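Visitor: Structural data only, the sequence is not supplied:
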């Protein structure tokens, strides 16, 4: 194992998370071409950790005609970022600031009679139905009363019902979406029987958009797919994040050297240990200890010992590694570096948790 040519070294000054907006654009265009209706770009949780405003603007430029978020605060941030397409916020308390929604032209979901009763000012709403999640949305036994109350509120000028929405609990499983599709169809029929005329029906998120054209309806909601995550495991999308960190210290140790808390790892040979200034406070799951790897000195290297709050130790073997060398924690995987999916597997979780969990200390960049 020889030393690398110094001029080819990748150098890093601090931990950095870079969002590749070209990847977001490519993924968006792919879903726009696939969808039978329109695409709602879901940018909740700071655009799945990729930057709310950047992802929203990129998705709209790529053909998305709606933006979806959970909170009203996120919706206002979308507007402040310069996006002027319809924006829907679907997870708000009963006493949400309706005037802010109306002022910024933000649609709100209505998951209960209590939420509906609190609305006024002609706000645009989407009736949110529980189509199998037992989570957010109106329970089936309340749908008839919700539809009737919504019609009265619309006649009184308090709301304008523009949509009906649901969410599929098992879209990753082939054939498991049928009950949810039937439930939403039943809800839409009840709305129309009550005199409502919703023009937008939406049920499918990324998995169903990729695997079940019958669930597309008028709009598909794409969040994880925008940033390269396919929960269904059927499609290769383009990953949009690259997380790097500098080597801050290097030491040569002998066989039998204990590493980190509890000496969870003991070296079995003389080797070089490289220290990176990132840990679980920066989003590296501690549960990945003993399995995780990073890309350093042109190959994957094991993270050894327990992942600490602020640092990890990497076994660099006999290669020459110097302070300031760049380690790739994860990236698209095009050059052999670990991916978000790898880290999710090592941690026993899903990629969504990895990308939304990167800490505030990590510098954000876009390209």
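Guide: Everything's here; your move. Because the structure is a prediction, the values reported are computed rather than measured. Numbers count the residues shown, from 1 in each chain.
Visitor: What residue in the protein is the furthest from its centre?
Guide: Farthest-out residue of the chain from its mean C-alpha position, per C-alpha atoms, centre = their mean: residue 254, at 42.5 Å.
Visitor: how close does that one sit to residue 131?
Guide: The gap separating residue 254 from residue 131 is 61 Å, by C-beta to C-beta, to the nearest Å. From N, CA and C alone the C-beta is placed, and that goes for glycine too.
Visitor: Now for the nearest residue to residue 29 once chain neighbours are set aside: which residues touch it?
Guide: When the adjacent residues along the chain are set aside, residue 29 lies closest to residue 62, with 5.0 Å between them (C-beta to C-beta, 6 or more residues apart in numbering). Counting by C-beta atoms under 8 Å, 6 or more residues apart in numbering, residue 62 touches 24, 25, 26, 28, 29, 32.
Visitor: Show me the helices in the stretch 151-300 of the chain, by range?
Guide: Secondary structure of the stretch 151-300 of the chain, counting by DSSP state H, counting those that start in this stretch: helices at 178-193, 206-211.
Visitor: Low-confidence ranges, this structure, go.
Guide: 1-8 (pLDDT under 70).
Visitor: tell me the centre residue of it?
Guide: By C-alpha atoms, centre = their mean, the most central residue of the chain is residue 48, 3.0 Å off.
Visitor: Pull up the gap between it and residue 296, please.
Guide: 26 Å.
Visitor: Tally up the residues packed near residue 359, please.
Guide: By the criterion of other C-beta atoms under 10 Å, residue 359 has 15 neighbours.
Visitor: and stretch 286-305, which residues are buried?
Guide: Residues of stretch 286-305 classed as buried by neighbour count (16 or more other C-beta atoms under 10 Å): 288-289, 292-297, 301-305.
Visitor: ok, the residue lying closest to residue 257 once chain neighbours are set aside to residue 322 distance?
Guide: Distances taken as C-beta to C-beta, 6+ apart put residue 267 closest to residue 257, at 4.6 Å, once the chain neighbours are dropped. Counting by C-beta to C-beta, the gap from residue 267 to residue 322 is 20 Å.
Visitor: Then residue 100?
Guide: 52 Å.
Visitor: In contact with residue 97, which residues?
Guide: Contacts of residue 97 by C-beta under 8 Å, 6+ apart are residue 72.
Visitor: Now it: phi and psi?
Guide: Torsion angles at residue 97 (phi, psi; degrees, to the nearest 10) stand at phi -80, psi 90.
Visitor: For residue 323, see how far away it is.
Guide: Taking C-beta to C-beta, one finds residue 97 at 50 Å from residue 323.
Visitor: go on, residue 301?
Guide: Taking C-beta to C-beta, one finds residue 301 at 16 Å from residue 323.
Visitor: now swap in residue 153 and tell me
Guide: From residue 153 to residue 323 the distance is 64 Å (C-beta to C-beta).
Visitor: Settle it for me: which of these two has more neighbours?
Guide: When residue 153 and residue 323 are compared for neighbours, residue 153 comes out ahead with 20 against 12, by other C-beta under 10 Å.
Visitor: Make sure that one is actually in contact with residue 122.
Guide: No - look at residue 153 against residue 122 with C-beta atoms under 8 Å: they stay out of range, at 10.0 Å.
Visitor: so what's in contact with the two at the same time?
Guide: In contact with both residue 153 and residue 122: residue 159, using C-beta under 8 Å, 6+ apart.
Visitor: Let's see the distance spanning stretch 234-248 from one end to the other.
Guide: 39 Å (C-alpha to C-alpha, to the nearest Å).
Visitor: so how far is it off the chain centroid?
Guide: 14 Å (C-alpha atoms, centre = their mean, to the nearest Å).
Visitor: Could you list the buried residues of that stretch?
Guide: Buried residues in stretch 234-248, defined by neighbour count with 16+ other C-beta under 10 Å: 237, 238, 239, 240, 241, 242, 243, 244, 245, 246, 247, 248.
Visitor: ditto for stretch 96-109
Guide: 96, 98, 101, 102, 106, 107, 108, 109.
Visitor: what is the last one paired to in the beta sheet?
Guide: For residue 109, the beta-bridge partners under DSSP bridges are residue 126.
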